[in-house]
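Trainee: Got a sequence here, can you model it:
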Amino acid sequence: MYPFLKGHGTENDFVLLPDPDGTVHGALSAERVRALCDRRAGIGGDGVLRVIRTAAVGEPGVGQDAEWFMDYRNADGSISEMCGNGVRVFGRHLAQQGLVDPATPVPVATRAGVKVLTFAGGAADGEITVDMGIAKVLEETAVRVGERQWSALHVDMGNPHAVAFVDDLADAGPLLDAPGHDPAVYPAGVNVEFVVRRAPGHVAMRVHERGSGETRSCGTGACAVMVATALADGAARDTAYRVDLPGGTLRITWTADDRILMTGPAVVVAEGATDL
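Mentor: Numbers count the residues shown, from 1 in each chain. Here you go, the predicted structure:
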């Protein structure tokens, strides 16, 4: 038996595994991740967040200037670089357990670098803002669903995204399978966002996440969508965009010094023990 928690950020849900010294799980297997994320035979989630100290990870390239490391796995067991909703849930857990001080900025190490979390009002509850770093705007590409194809913008938020504007979110269909994409552009797969405009500074989106399928929300995807929309709009820096997702709303700001700030909720809903 080992402990777990369940949490979500705008209904992008995760199983959290407290493993501060790396002694509970050792090498976290893809089979265990898949069992935990199974929505019928397991706990259910879009991914697994292992809560471990950076000093205990033993993985090249993660010895960063942060005490805690978010070891994120997709629901299929594959390793991912970053998860924007997940890092807020990760931070919520650290604050609730007294492992960090929410009154000061909290750095969290990830495979996409250190992300700094700021807790609203310096309290362990309330919304959390994450400095997601600098977005890389890359080439124009295309995505496909069935016989339909849309142009898309390749945006890297520490993980790869293809942002496509559509007339209606239903145009993407049921998203049971990964949308088609150029494997030369995305050799390790891609998160695909379909976007419609609602009003100035306000968009809505659906997302198919590589390794997890369609999810209720994607934090890095919302950031990529904001960047693509702001570029298309010619928006001034420090303009906040509202991004509606099936699971809730995130606010994204592209600052004057090119940082992407994401603000949204994070909730831990359950804890227990399992032998999965």
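Trainee: Going by C-alpha atoms from here, please, whenever you check contacts or count neighbours.
Mentor: Will do.
Trainee: any idea of the mean pLDDT in stretch 203-222?
Mentor: Mean pLDDT, stretch 203-222: 96.
Trainee: Which other helices and strands does the longest helix along the chain contact?
Mentor: In terms of residue count, the longest helix belonging to the chain (DSSP state H) is helix 219-233. Helices and strands touching helix 219-233, by 3 or more CA pairs under 8 Å, 6 or more residues apart in numbering; DSSP states H and E, are helix 84-96, strand 148-156, strand 160-165, strand 191-199, strand 240-245, strand 248-254, strand 259-264.
Trainee: Redo these as a markdown table? Include distance to residue 210 and mean pLDDT.
Mentor: Converted to a markdown table, the helices and strands packed on helix 219-233 look like this (distance: least, CA to CA, whole Å; pLDDT from 0 to 100):
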| stretch | distance to residue 210 | mean pLDDT |
| --- | --- | --- |
| helix 84-96 | 14 | 97 |
| strand 148-156 | 14 | 98 |
| strand 160-165 | 10 | 98 |
| strand 191-199 | 5 | 98 |
| strand 240-245 | 17 | 98 |
| strand 248-254 | 20 | 98 |
| strand 259-264 | 21 | 98 |
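Trainee: one step back: the longest helix of the chain: which residues count as buried?
Mentor: Residues of helix 219-233 classed as buried: 219, 220, 221, 222, 223, 224, 225, 226, 227, 228, 229, 230 (neighbour count, 16 or more other CA atoms under 10 Å).
Trainee: Contacts for it next, please.
Mentor: Residues outside helix 219-233 that contact it (CA atoms under 8 Å, 6 or more residues apart in numbering): 82-85, 135, 153, 155-157, 159, 161, 163, 191-193, 195, 205, 207, 236, 241, 243, 250, 252-254, 260, 262.
Trainee: cool, stretch 245-254 as well?
Mentor: Under the contact criterion CA under 8 Å, 6+ apart, stretch 245-254 has outside partners 10-12, 204-206, 216-217, 219, 222-223, 226-227, 237-244, 260-264.
Trainee: starting at the chain centroid, how far to it?
Mentor: In terms of CA atoms, centre = their mean, to the nearest Å, the centre of stretch 245-254 is found 12 Å from the chain centre.
Trainee: for it, which positions count as buried?
Mentor: If you call a residue buried by 16+ other CA under 10 Å, then stretch 245-254 has these buried ones: 245, 246, 247, 249, 250, 251, 252, 253, 254.
Trainee: Specify the residue ranges that define each domain of the chain.
Mentor: Here the domain parsing of the chain from automatic domain parsing is 2-133+265-274, 136-257.
Trainee: The shortest one: how far from the chain's middle?
Mentor: Relative to the centre of its chain, domain 136-257 is centred 13 Å away, using CA atoms, centre = their mean.
Trainee: With stretch 49-63 instead?
Mentor: The chain centre lies 18 Å from the centre of stretch 49-63; the measure is CA atoms, centre = their mean.
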